[in-house]
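K.L.:
Sequence and predicted structure, then a few things I'm wondering about:
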Amino acid sequence: MLRSPDLTYVYEVSTAYVVINCESGYEEPVLEGLREIDAVKEVMGTYGNYDIVAKVESPTLEELRETIICKVRRIKNIRCTTTLMCAKYLVWA
């Protein structure tokens, strides 16, 4: 792993963006359910092919996967999801 000598490595983060289709009229309850999940850092309603996009972050890829499968995808009135896994990135102080 390469890093700039003038930056201090703090931690590695696993991130995904999950785009969500909901049952019609249930966008707000789904947004509220997403906001209750600690690993969900941002949620936004969208227009177009998807109803909601959620940014999910976890310290490990395994925790990220578990959050998406066991928490996000089980929220009532979610019809389908598409997960966009991000390449690992480093956060510096």
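P.N.:
That came in fine, so what should we check first? Numbers count the residues shown, from 1 in each chain.
K.L.:
which residues sit in contact with the residue nearest to the spatial centre of the chain?
P.N.:
The centre of the chain sits closest to V56, judged by CA atoms, centre = their mean, with a distance of 2.1 Å. V56 makes contacts with 15-18, 37, 39-41, 64, 67-68, 72, as judged by CB atoms under 8 Å, 6 or more residues apart in numbering. (Glycine included, C-beta is placed from N, CA and C.)
K.L.:
Okay, now the unreliable bits of the chain?
P.N.:
1-12, 87-93 (pLDDT under 70).
K.L.:
Which strands or helices does the host helix or strand of V30 pack on?
P.N.:
Taking DSSP states H and E as the definition, V30 sits inside helix 27-35. Identification of packing neighbours for helix 27-35 by 3 or more CB pairs under 8 Å, 6 or more residues apart in numbering; DSSP states H and E yields strand 40-45, strand 52-58.
K.L.:
Next, format the contacts of V56 as JSON lines and append secondary structure and distance to D51.
P.N.:
As requested, the contacts of V56 are arranged in JSON lines below (DSSP: H, G, I helix; E, B strand; the rest coil; distance: CB to CB, whole Å):
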{"residue": "T15", "secondary structure": "strand", "distance to D51": "21"}
{"residue": "A16", "secondary structure": "strand", "distance to D51": "17"}
{"residue": "Y17", "secondary structure": "strand", "distance to D51": "14"}
{"residue": "V18", "secondary structure": "strand", "distance to D51": "12"}
{"residue": "I37", "secondary structure": "coil", "distance to D51": "17"}
{"residue": "A39", "secondary structure": "coil", "distance to D51": "20"}
{"residue": "V40", "secondary structure": "strand", "distance to D51": "15"}
{"residue": "K41", "secondary structure": "strand", "distance to D51": "18"}
{"residue": "L64", "secondary structure": "helix", "distance to D51": "22"}
{"residue": "T67", "secondary structure": "helix", "distance to D51": "19"}
{"residue": "I68", "secondary structure": "helix", "distance to D51": "17"}
{"residue": "V72", "secondary structure": "helix", "distance to D51": "13"}
